[in-house]
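Trainee: quick check, what structure comes out for this input:
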Amino acid sequence: MTDATDPLYQEVQGPTPRQMLKLRALGHKGLIFGLIVVGLLVVIAILAPILAPHDPYEQSLMNRMVPPVFLGGTWEHPLGTDHLGRDYLSRLIYGARVSLLIGAVAALISGVIGTAMGVAAGYFGGKVDAVVTFLINVRLAMPVVLVALAVVAILGGSLTVVVCVLGLLLWDRFAVVMRASTLQVSRRDYVAAAQVIGASTPRILLTEIMPNIFNNLIVVITLEMAHAILLEAALSFLGLGVQPPTPSWGLMVSEGKNMMLFEPWLVLIPGAVLFLLVLAINLMGDGLRDVTAPEGRS
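Mentor: Next comes the predicted model:
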């Protein structure tokens with residue numbers, strides 16, 4: 001009997017699906033770049049109290065508007081200080097916590113709502129599909145930014161309010177994509193076979209439908225996470241998002257805009273980090289979709 005661990009046997013049989021998945025992942029430059037950048041920022045956010053050289057809330061009017069070290073500043077404040085003398089690097093590090101937290105939680109909330117609605121509409125059809133489609137159309141008729149601005153202005157800007165508002169507004173793309181994916185998968189033979197043998201509806205949804213639409217879900221999660229991060233930055237820039245003195249990249253851009261012509265680094269530094277995070281998340285999502293795509297599996 002041939003041993004499956006025999007190198008000759010493995011050479012004849014070819015790489016396993018897991019090995020193929022690993023090879024595709026290692027060969028996808030966008031995925032590797034996205035994972036490295038996002039992973040690095042997550043580690044920085046977790047270790048913020050250790051990595052930050054100063055208290056992000058500590059003010060020193062004697063040291064206000066110190067330029068970054070590459071513009072003639074000192075290593076005591078490598079990225080300079082803001083208009084209140086707060087260390088820019090420390091606020092940038094702690095700001096990663098806010099952006100990642102809002103993006104992840106908002107995407108999770110909207111993902112649960114939108115996926116449940118989309119899968120139900122695609123699988124059951126009929127009146128359920130009609131109701132979900134109507135709700136999607138209503139949601140698409142509502143401008144996200146204006147609604148978010150109005151709600152946050154009424155309820156007040158805070159981290160909790162921003163997360164809840166974004167989570168309850170960004171579910172439409174999940175619902176649309178999951179509905180279309182479920183409609184396609186529910187017509188497959190293996191779903192019909194599961195129905196014939198008497199499998200329960202929850203079992204069919206969890207074991208036959210969800211695993212085969214998970215790749216599309218990954219892409220939407222990453223897109224909406226990046227979308228939520230940008231919306232939070234926009235709200236904070238307008239003064240209706242995370243409130244001072246909480247470190248937020250959007251708030252840092254807002255606070256630096258008045259000095260943009262004289263000290264452009266106040267806007268460019270948080271803007272560049274925000275751009276890098278959103279780019280990395282999108283590349284990571286596209287890479288995961290390419291690597292785990294069913295049509296690419298062995």
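
Trainee: list of residues touching stretch 168-187?
Mentor: With CB atoms under 8 Å, 6 or more residues apart in numbering as the contact definition, stretch 168-187 has outside contacts at 106-107, 109-111, 113-115, 117-119, 121-123, 129, 132-133, 135-136, 139-140, 142, 144, 147-148, 191, 208-209, 212-213, 216-217, 219-220, 223-224, 227-228. Every C-beta, even on glycine, is put in place using the N, C-alpha and C of the backbone.

Trainee: now the helix or strand containing residue 40: average pLDDT?
Mentor: Here residue 40 is covered by helix 29-46, with elements defined by DSSP states H and E. The predicted model assigns helix 29-46 a mean pLDDT of 91.

Trainee: how about the CA coordinates for the very next helix or strand once past it, as PDB?
Mentor: Following helix 29-46 in sequence order, the next helix or strand is helix 48-51 (DSSP H and E). What follows is the C-alpha trace of helix 48-51 in PDB, where atoms were taken according to Å, rounded to 0.1, in the frame of the first residue of the first chain:
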ATOM      1  CA  ALA A  48       0.200  51.900  21.100                       C
ATOM      2  CA  PRO A  49       0.900  52.500  24.900                       C
ATOM      3  CA  ILE A  50       4.400  50.900  24.400                       C
ATOM      4  CA  LEU A  51       5.300  52.400  21.000                       C
END
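
Trainee: test my guess that residue 278 contacts residue 232.
Mentor: No - taking CB atoms under 8 Å as the contact criterion, residue 278 and residue 232 are not neighbours in contact, 11.3 Å apart.

Trainee: these two - which one has more neighbours?
Mentor: Remark: of residue 278 and residue 232, residue 232 carries more neighbours, 29 against 19, as counted by other CB atoms under 10 Å.

Trainee: what's near enough to touch the more buried one?
Mentor: So residue 232 contacts 98-99, 102-103, 106, 162, 166, 241-242, 248, 250 (CB under 8 Å, 6+ apart).

Trainee: can I get those residues in a markdown table including distance to residue 269 and pLDDT?
Mentor: Output for those, formatted as a markdown table (distance: CB to CB, whole Å; pLDDT from 0 to 100):
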| residue | distance to residue 269 | pLDDT |
| --- | --- | --- |
| 98 | 16 | 90 |
| 99 | 14 | 89 |
| 102 | 20 | 91 |
| 103 | 20 | 90 |
| 106 | 24 | 93 |
| 162 | 22 | 88 |
| 166 | 24 | 91 |
| 241 | 19 | 81 |
| 242 | 18 | 82 |
| 248 | 14 | 87 |
| 250 | 13 | 87 |
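
Trainee: and those, which is closest to residue 76?
Mentor: The closest of the contacts of residue 232 to residue 76 turns out to be residue 248 (CB to CB; 23.7 Å).

Trainee: could you pull up phi and psi at that closest one?
Mentor: When quoted as degrees, to the nearest 10, the phi and psi of residue 248 stand at phi -150, psi 140.

Trainee: residues touching the nearest residue to it once chain neighbours are set aside, list them.
Mentor: The shortest distance from residue 248 to any residue other than its chain neighbours is 4.2 Å, reached at residue 242 (CB to CB, 6 or more residues apart in numbering). Contacts of residue 242 were listed using CB under 8 Å, 6+ apart, and they are 98, 157-159, 162, 232, 235-236, 248, 250-251.

Trainee: so which of these are in helices?
Mentor: If you go by DSSP state H, those have 98, 159, 162, 232, 235-236, 250-251 in helices.

Trainee: can the contacts of residue 232 go into JSON lines with extra columns for distance to residue 183?
Mentor: Written out in JSON lines, the entries for those read as follows (distance: CB to CB, whole Å):
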{"residue": "98", "distance to residue 183": "38"}
{"residue": "99", "distance to residue 183": "35"}
{"residue": "102", "distance to residue 183": "32"}
{"residue": "103", "distance to residue 183": "29"}
{"residue": "106", "distance to residue 183": "26"}
{"residue": "162", "distance to residue 183": "34"}
{"residue": "166", "distance to residue 183": "27"}
{"residue": "241", "distance to residue 183": "37"}
{"residue": "242", "distance to residue 183": "39"}
{"residue": "248", "distance to residue 183": "40"}
{"residue": "250", "distance to residue 183": "38"}
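
Trainee: from residue 235, how far off is the closest residue to residue 158 other than its chain neighbours?
Mentor: With CB to CB, 6+ apart as the criterion, residue 158 has its nearest non-adjacent residue at 6.4 Å, and that residue is residue 243. For residue 243, the distance to residue 235 under the criterion CB to CB, to the nearest Å works out to 10 Å.

Trainee: fine by me, thanks again.
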